[in-house]
Structures are given as structure tokens and as C-alpha cells.
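S.K.: using only what follows, build the 3D model:
(chains A, B and C)
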Amino acid sequence: MKKRALAIFTAAALILSAAGCNQGGGAASEPPEVQEDGTVDLTGTSFTIWSPIYWTGKVAGFADNEAWQEMQERLGVTLTFQQPPAGQEVDQFNLMIAGDDLPDMISTGWVEDGLFVGGLDKYIDDGVIVPLNDLIEDYAPDYKKALETVVLPEERKNFYTDEGNLCGFYAISPYEEWCYNGLLYRQDWMDELGLENPKTFAEVENVLTQFRDQKGAKNPLCFPSNGIDGFSGMFLHAWDVGPGFYNDNGTVKYGPIQPGFKEYLTLMHDWYEKGLIDQDFATRDEESLKRLMTSGESGAVIHSADTVGAWMEGISTMMGGNYVSEDGTKEIQYRLKTYQKRPPFGFFITSACESPEAAAAFLNYGYTEEGYMLANYGIEGETYELTGDVYTYNGIDYPAIEYTDKMLNNPDYPVLDAIAKFKMHIGPFIRFEHEGNPAMNMTNAGIRQAWTEGAGTDLVLPPVTLTAEEGKEAARIQNQTSTYQDTAVLEFIMGKRDLSEFDQYVADMQQLGIDQVTAYYQAALERYNSRPS
Amino acid sequence: MKVLVKLKNDIVKHPWVYLMFLPVAAFYILFCYVPMGGAVIAFNDYSPRAGIFGSEWVGFKWFIEFFRDIYFFRLMRNTFLLNVYDIIIGFPAPILIAILLNELRARHYKSAVQTMMYMPNFISMVVLCGIITDFCITEGVVNDVLGWFGMEPVNWMMEQMAFKPIFIISNLWQYAGWSSIIYVAALSGVSQELYDAADVDGCGRVKKVLHVTLPALMPTIVIMFILRLGNIMTVGFEKVILLYNPLTYETADVISSYVYRRGVLEANYSYATAVGLFNSVLNFGFLLLANWMSRRTTEQSLW
Amino acid sequence: MRASCKRRPGDLAANLLIAVVLGLFAIFCLYPILYVLFASFSDPRLLNQHTGLLFYPLDFTVEGYTVAASYAGVWTGYLNTILVVTAGTALNIFMTILGAYVLSRRDLYLHRAANLLVVFTMFFNGGLVPTYLTVKNLGLIDNRLALILPVAISTWNLIILRTSIEALPQSLIESARIDGANDVVILFRIVLPLVKATIAVLVLYYAVGHWNSWVNAMLYIKDRSKYPLQLILREILIENTSNAATQSVGNLSELDQYKQLVKYCTTMIATAPILFIYPFLQKYFVKGVMIGAVKG
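M.R.: So this is what the prediction gives:
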């Protein structure tokens, strides 16, 4: 009896669930007319946009943002925003596609990984998003022009997929935005001890030793909890090794199994034994790092200049550390490359959108001068005034501005909330982050600029895409390898495992299939290299 | 069809009962059994666009992948042991608390104590684990206390053998008070006359606990125990990932935390569902066993 | 114990010992909430530097609460939560009572099969995607009912109530039936008053469950003005882990100095009301509400 009841229930389940999976697409309508001046009259159209927001504060979402509101008013467009809770973007995204709940447009925020897994081409084949290659010809001429002129030639490949599709309206930066992560020392301690910004390992060791002996720092250097700085590859890059997969002259290699990695571990183990590296680094989280730095227990950290600068306000400014190597003259070829991702956010038109042409015309606005001024700075006369000067980057004119108190000193909206309220931080537009970010702190800007200019990026792997099959297999292998590697690296540094076993560790990693994953990335790199540019 | 006839007769006999059950049945069918078909994604290579039933069939691929994982036995061992220890220590604790509370005379004191004991249940895991970590790191209170006995300070969060004790003891702290509520409620049903009668019989305090209080708790204890055994392969990943680090993976990494880490690499619903299904089958097996034993010995049963 | 106690000499000592043991454990349990409370009134900079236990606020200030209260969604979140807790718990209790009573009736045909099918759902479910599709097909997306209906019954709680109903003496129900009472009368007039304490427990469990829940809201609610408080709290907690988004915004001083403090303040704001639900229910736990209901 139980069995039969179960059978009936299951059958009902099958039917009902299957009924839920029929897939509807938006009914295509007549494309809008392009007027003589190349613009499209969008008055009366409306779109839904799914977009992560990633940080919350006083402003609940894009609907409350004055720049977005102004944009709707100017174009006569009505927007409805769907904004998933911070931290739940991936699940929401997958449910949206599984449930066939597609909005007209989908945007990715900072962290594209996890959204569009398996590559954008797959989503075009599956009919989730529409390719834009032809659409932008007629409906988004300014975006097209920006792709051709503003985008740095060496970055252009990043805008297209392996199959040559242009999938999204991406934020475009006319220059490489400064990297934000690197080695930082306490400026006041450096000054008091009369120390120079170190260039060699011996000098770093001296600084850390002085911090410990002269300044009473119990744990002079805060260290990443997994033993490797994944952002900037700090210290590791002195042996021409990246923290993960890296590009050695067209050959992909995996950093943590290279001979240079053993050198790195040897040095870190030495520093750990000497008490120069935080003894408990494996158990530290962000708050512990903050405490170590602000309480004077540590004097150096590998972190974001802005974040640490904020922690240390009222205590000390920070000194941006040089890239170091054995002899101090080596040219470093690996660092954080902020734009190493395809411009980190893009807007995609879905198959549910009734008029992709109208959507393209709408998204084009951020690439017109009127549009990017609004997006970067807000509304003229309210949040900014023109100074009369004009910057020119890659052939695009860019009027210089000064922010008003509404943006900089607003009692109701502290500057971070002001960004969320009065300008766009994430969006489809030409982004002038260095001029347009009212929160950019000049001290930190100097540090970031020096970090960016202090090292090359030859070893950095461009933003390649694994296919869906490769991605699945890589996830299976990497879950085992990273579990194994994470433990081994900590044990090597802390001396719980002797470095003479390094070869055994490499053999184990290979046994677990790390070379297979490397091969996937190699294939992906080759597909990337043969993209039309 | 005999079944339907009998069912019809029963409905005629107890119309009200069946009417009452209607919304309950509707709930279970709609929200539990209808979606249950989705478990088939454990056997296919689910892609959101192809849908639950349209994705490519892969049979037991994900299960085999999990069984073949080099960490499979470690994950099984840690998951199982954490639960066994938690049953040995964490299961009796709330019962003991309820019995002690029952012995407490001062009513206001009793209610104050009870309210305080269940509070940790409300503090979010992130905050609680932050406090636990603060206790156990090198500069933590635990080392202060051990220092009185002449022990060198140790970062207990980096010690493999310390993970399970930390996990279990902090579980007591978080849940013992809250879990005791159900037993306190069960005891509120016990008639004062029974205690008075035991007094007349000259029973001492301990005897009264053994002969009146415990028997009164027994039905609840048995059911809670069966249900607990039905969770023997379940450890929530949230607390584990907040307390472990690669140095303690050996004793701390459990099935859910491992699957969670894989999810960070790639959201593979099929794999996660397959592992979840495997877990459920084991859990359900233990439940069947416990229920069968209970029916034989105490005549109590979940069905 | 009032009437019949001949106090033995050891009794007082035992009472004292029990009181002390429980008291100590209670204080130990109270500590986390005190920690959060003290931290929430502390100076953000001192708090950032602090390590170890807290026994008083570090330089008392309410700054953190001012910042936390200005967060978008905190107050609407409160209202949404209260709405869901009230309506949800009422529905839970109603459904659970119906289910528990019917499933406790051993005389019904298919009694065991029905119970087994219910228990089965505790172990096997379709997972995230199909459940979402069901809710979507019912047209409940972005509707607060989606926070209530899919969790109308917790099987665990149903079993608890069923167990205490089964523990009632059958003779009571039998005699009522002989007097001509139908099942509705038996359930509401006879059974319910006898399991008041268990129902009080379930009210507590369900209400706290709704109060703390955020997963369903995360899945089914799109309109941010319908977000419950816990979802807002969660966003704030999550943001404490830095990510590329916040690290590259520029100078985050305001946010960053306050991050930790705001976390504690929001925790207090989100937790304090539900902490005090227990005293209201406590009167149902008073002894002797029913006659010898111990299963023999």
C-alpha cells in the first residue's frame, strides 16, 4: 500500500513539476525606429533589470539612486529593479534561469564568477541572452565607438567570447584602474626607526625584526590565512611564480607546485620560526587583522590600501611597500591587475526582452557624453560643477569637475552612501574611476598608483573561460587539490611538515589531477588567444 | 481497489477527522511530495535551462564521484563521530537540566535561570563562533585557566585533537538550555499527586526522580532520541566552516563543509543533491532502525 | 512540595547545590548576549582594538545604534517580520493541531501509512529548484504568503505534539465520544486544554523559527520593501567579510570603522524582542495543569 501511495504521489509530482518547466520567450515586437540623428525615441518603454548591489547602507537599491532616476526621466523609460540580497546572488541567478523568470536585462556586478558559469556562449546557445554584435551597429553606435576607440587594444579581446560573441554592455575604463592590494607598513614606525622602504628580502626581514624588537610587535607581519596572497602573489612573484594558474609565455602553469614555490615556503617558514609572521595567522579573520593592526601587535600587512588606511585612521598612515626580491633589482611580473577580469560588470539583454533593439538603445546612453557624465558624477549643478578643464583619454573628451558639498559633505549621506545615492558605481557606462570616485583618498591613491606601476603583468593569466564540461571536472579535481594544498602549505610554513617532503607534496598534487586542470586552462588560453581582436 | 473501499468506509465513519486532515494533506502533497520529483537531478547533469527532467541522464555518476573522493572516508568519519559525541554528551544534557529545574523550588529564580539558559540560541552563528574563537586562541581565556595549572598557551583552534571537543562543548552551551524546554513542558504535565504519593511511600529525592520524573519524561525522550538518530549523518556546515581551518581539516572537515567548498568553486546542484540524497538515505536507515528498536522495547513508534 | 515535606537535613544542601549549578550555567549562557550588548554600546575604535572578554561597554556611546537605525530596510524589516511571525505562527499552530490530532488516532484506517509518509518528508525533499518552481507555479513569488505557506507545518513539531496527544489517557476521549461529542469538540474541548504546555512550546518554536528565518525570503521575495529583518541583518553581517566590491570603492573609513559595531547593534535590534517571548509563555508551564497523564 505504501508503495502505491508513493507511486501516485511521485507521478503527481512529475506531472506538476514538468508543467512548470515550459519555456516561454518574449514575443518579438517591431524594432523601434532609428531617427536621423542616430538616436532612438524610447519614450514610454519599460524594462526590468536584475542587478546585484553588493553593498547596502542608507540607500535600498538602484530605484532610490538619483542618477538612475534622472536617466529614466531623460529617456522617458521606466525601470523596475530586481536586486537580490547581498551574498545570495548566485542562487538567485540560477533560480531565475531555472524558473524561466527572466527579466529584460541581467547585470553582473563585481563578482562575475558564479554567474554565467560555463561561459557566455553557452547562455547564448541556451537562449538566455542575445548576442549584441549586430544590434549595436544600429542601436548602440556610441557603445560601438567606445569599444573601438576607448578600450585599450590589448584589452579588447576581453569583451568578446571564445566564439566571437559580444554579449554585454560592459563598463569601459579608458585606463587601467589602480590595483588596490599589496604590502603595507606602518608609516610612523618606519619613520621613527629611520627605515627605508625595503627592496630585498633581507631588508624586509630587518624591518619586521625591528618592529618586533623596538616596537614590541608580537606578530610583526599579518599573513593571509591560507599562506598565499591570491591577489598580488606577494613574495611569491620574486621567483616568477603566480599564486594560482599563471601564464608563463603562453604556457599555463600552476604556481603552488613549481620549484619557486618551495623557495617561497622556505623563506616564509624561516620568518615564521623567527616570529616575524603572525604565529596564529591560519586562524585570523578580517576582524582579527583589524585588531592586530590597530592595537600595534602587527606593523605590516598584505591587504587593500583603502581598507587598512581606514582602520588606521587616527593611528598612523600606511606606507605602500615595494615589490621585493632576493637582490632587489628583479623586475616583478605578477601583481593584482584590477582590470584583469573582463570589465567587472556588464549588462546583458535576455531572450525575454520584447525589444532587444530598444534595450540596446537604452543601454547605449551611458556611452554618450551626456550619459557618462551623469553616471560618473550625478547631476550637473547639484552634485558637481564643471571646472572648464577637459581631460582626453583615447580620443574621448572628458570634462573635469568639482564635487559639491551635496556629494562630499552631506550630513544625511556620508560619502559612501552618497555614492550609492547620487552617482552610479556599477553600471553600463564609460567609467572614470580615478576622477569620479569622491571617496578616493589621495594618500592611498599614491600607494595604489605605485603598486600598479611597480610591477609588470606578464605572468597574469587573461580572463579565459572554461567550457561547462571543463568547469565541472575542474571543480571536482580542485576541491580535492585545494583541500590537500591548503593543509600542506600551512604545515610547511609552520614547520609541522618538513620541506624535504615538498617533492612528495608535488607528486600528490599531480596524483590528484592538478595537471588535468592546468591542461583545461591551457586550452582556454589558446581559445582566448585565437579570439578575433 | 479494496483499499479505496475501506478508505471510503472509514471516511463515512469519521467524516470530521478526514475533513480536519484535508488542509494538512494538501500541505504535504503540495509542498513536500510535488517538489520531491526534483530529486532526480541527483541522477542527471542538471542545467537550469534544460530543466529538471530535460537534463542529460548520468545515472550514479555523482554518487560514484563522491564515493571515490580521496576524502570520502575522512568526511564520513568526522560527520559520524561528531554526531555520536554530540548524542553522548549533548542529548542527555537538556534532560538533566529539565530534571534539575524541576527540583528547583524558587519560582522566580527558576524562570530567570531558564530564560538566561536559552539565550545563546538566538545569537547568530557568526557572532557566537567569534566568541568561541576568542576563548580558544593563544591569548584566550582557556589558556588563562590552563595557565593556572602550569600549561603553556596553545592556539586551540589550530590543534587537530581540540576541534571536536570545542565543537561539542560549545554545542552544549548553545543548545542545551533551549532543548530543555520540551522536557520542562513535558514535566509540567506531571501531577503533584504522584510526588505526594511517592513521599508517602518514603521515597527520597533521587528515588522520586527515578520513579516519577524520569518515567514522565520517557515518551518525550524516546521520540527525541529516535529523531536525533535520524540526523546522525547531518552536521550543519555553518558552524564548522566558522571554526575550522586547513590545519584542523583532518578532524573537522565534514560532508556538508566539503560540499560547501565545492559549491564555492561551482554551483553544481546535481552533485549537491546526490550527496544530500546519500545522507538522507543513511539518516533514514538509522531512523528505521531506532524506530524498530523502540517499537520492540517501549512500544513507541513514529508510525 | 508544600504540604507533605518533612525536610531532611540533606535537602537544603541539595537545593542549594542545584540552584548554584544551574545558576552558574545560566550565567555562562547569558554571557554571549551580554558581550553583544556591551560591544554594541562601545566606541568603534576601541572595539576594533579590543581582544578577549568584555565586561562593560568600552567608553559608552550609542553611535552604532544611530548608524544601524539609519540603514535602509531596518524598520520596514521589523514590520514585515512581525507580520510574518504573527500570521505564520497562527497558521502553524492551527495546522499542527489538526495534523497531530488526526495522526494520533490509531483507530483510523491507513494510520501507519499516513504517519510514515509524513515522517518521510523529513528526510527526502526535492531541494531548492523544484520547491522554488512549485511556489512560483502557485503564483506566490514576491508574496508574503510564500514565507508562510511552504512552512505551514514543521514535521518535527507535529511529531512532538502528536506524541503528547498520544500520551493522554484514551479513556478521556472514549468517554467523551460515548457522550456524543464529535471529533471537533473532542479536539478543542478535551484534548487541547490538556496539551497546553506542549502547544506553548510549539508557539515558541514556530515564532522563533519565523523570527530567525531568512532563506525563504531570500528565495521568494524580490521587492526589498518586503524583506524581513533577518535578511537585512544578514546582508550587514555578510558585508563584514570584505569583498572586491567594498575593497575597491575607495576610502571606506566611515563604513569600516563602524562595521563591527553596526554588526553588534543590528544583532541587538534584531534579537532583543524575541528574547523576551519566553516569559510570556511561561505560565503555561506551571505544574499540575492536568491529572495523571503519565503513560504507564
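
S.K.: spell out which residues of the stretch 151-300 of chain A are next to chain C.
M.R.: Within reach of chain C by C-beta under 8 Å from any C-beta of the partner chain, the stretch 151-300 of chain A has these residues: A:177, A:180-181, A:285-287, A:290-291, A:294-295. Quick note: C-beta positions are derived from backbone N, CA and C, even for glycine.

S.K.: what about residue A:531, how many residues close to it?
M.R.: 17 (other C-beta atoms under 10 Å in any protein chain shown).

S.K.: if I pick it, what's in contact with it?
M.R.: Shown in contact with residue A:531 (C-beta atoms under 8 Å, 6 or more residues apart in numbering or on different chains): A:157, A:160-162, A:164.

S.K.: and residue A:265, helix, strand or coil?
M.R.: What DSSP: H, G, I helix; E, B strand; the rest coil gives for residue A:265 is helix.

S.K.: and residue A:458, what does it touch?
M.R.: A:247, A:249, A:333-334.

S.K.: 10 Å - rerun?
M.R.: A:240, A:246-249, A:331-334 (C-beta atoms under 10 Å, 6 or more residues apart in numbering or on different chains).

S.K.: mind checking the SS state of it?
M.R.: Relying on three-state DSSP, one would call residue A:458 coil.

S.K.: residue A:248 versus that one, what's the distance?
M.R.: 9 Å (C-beta to C-beta, to the nearest Å).

S.K.: which neighbours do these two share?
M.R.: In terms of C-beta under 10 Å, 6+ apart, residue A:458 and residue A:248 are both contacted by the residues A:240, A:333.

S.K.: quick revisit: run through the residues of the stretch 151-300 of chain A next to chain C and flag the ones next to chain B.
M.R.: A:285, A:287 (C-beta under 10 Å from any C-beta of the partner chain).

S.K.: quick one on the thing from earlier: top of the contacts of residue A:458 by neighbour count?
M.R.: Most surrounded of the contacts of residue A:458: other C-beta under 10 Å gives residue A:334, at 27 neighbours.

S.K.: backbone phi and psi for that residue, please?
M.R.: Backbone torsions for residue A:334, taken as degrees, to the nearest 10, come to phi -140, psi 130.

S.K.: and what of residue B:102?
M.R.: phi -60, psi -30.

S.K.: buried residues in stretch B:226-244, which are they?
M.R.: B:226-235, B:237, B:239-244 (16 or more other C-beta atoms under 10 Å in any protein chain shown).

S.K.: correction: the previous question concerned stretch C:60-73.
M.R.: Buried residues in stretch C:60-73, counted by 16+ other C-beta under 10 Å: C:61, C:63-65, C:67-68, C:70-73.

S.K.: relative to chain B, how far out is residue A:224?
M.R.: Residue A:224 is 12 Å from chain B, where distance means C-beta to the nearest C-beta, to the nearest Å.

S.K.: same thing with residue A:412?
M.R.: 29 Å.

S.K.: what sits against the residue lying closest to that residue once chain neighbours are set aside?
M.R.: With sequence-adjacent residues excluded and distances taken as C-beta to C-beta, 6 or more residues apart in numbering or on different chains, residue A:412 is closest to residue A:58, at 7.8 Å. If a contact means C-beta under 10 Å, 6+ apart, then residue A:58 has A:64, A:412-414, A:416-418, A:420-421, C:67, C:70-73 as its contacts.

S.K.: so which of these belong to strands?
M.R.: Here DSSP state E is the test, and those give no hits in strands at all.

S.K.: between those residues, which sits nearest residue B:288?
M.R.: Using C-beta to C-beta, residue C:73 comes nearest to residue B:288 of the contacts of residue A:58, at 45.4 Å.

S.K.: got the contact list for the nearest residue to residue A:395 once chain neighbours are set aside?
M.R.: Spatial nearest neighbour of residue A:395, chain neighbours left out: residue A:149 (5.0 Å); criterion: C-beta to C-beta, 6+ apart. Listed by C-beta under 10 Å, 6+ apart, the contact set of residue A:149 reads A:172, A:174, A:393-396.

S.K.: recalculate using a threshold of 7 Å.
M.R.: A:394-396 (C-beta atoms under 7 Å, 6 or more residues apart in numbering or on different chains).

S.K.: just those now: which is nearest chain B?
M.R.: residue A:394 (36.4 Å; C-beta to the nearest C-beta).

S.K.: now do the same for residue A:268: helix, strand or coil?
M.R.: Following three-state DSSP, the label given to residue A:268 is helix.

S.K.: neighbours of it, how many?
M.R.: Neighbours of residue A:268 (other C-beta under 10 Å): 22.

S.K.: which residues are in contact with it?
M.R.: A:277, A:493.

S.K.: can we see that at 8 Å?
M.R.: Here residue A:268 is in contact with A:223, A:227, A:235, A:277, A:493 (C-beta under 8 Å, 6+ apart).

S.K.: return the subset of those lying in helices.
M.R.: residue A:493 (DSSP state H).

S.K.: could I get the contacts of residue A:268 as a markdown table with distance to residue A:382 and pLDDT?
M.R.: Formatted as a markdown table, the contacts of residue A:268 follow (distance: C-beta to C-beta, whole Å; pLDDT from 0 to 100):
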| residue | distance to residue A:382 | pLDDT |
| --- | --- | --- |
| A:223 | 46 | 94 |
| A:227 | 49 | 94 |
| A:235 | 47 | 93 |
| A:277 | 50 | 96 |
| A:493 | 53 | 97 |
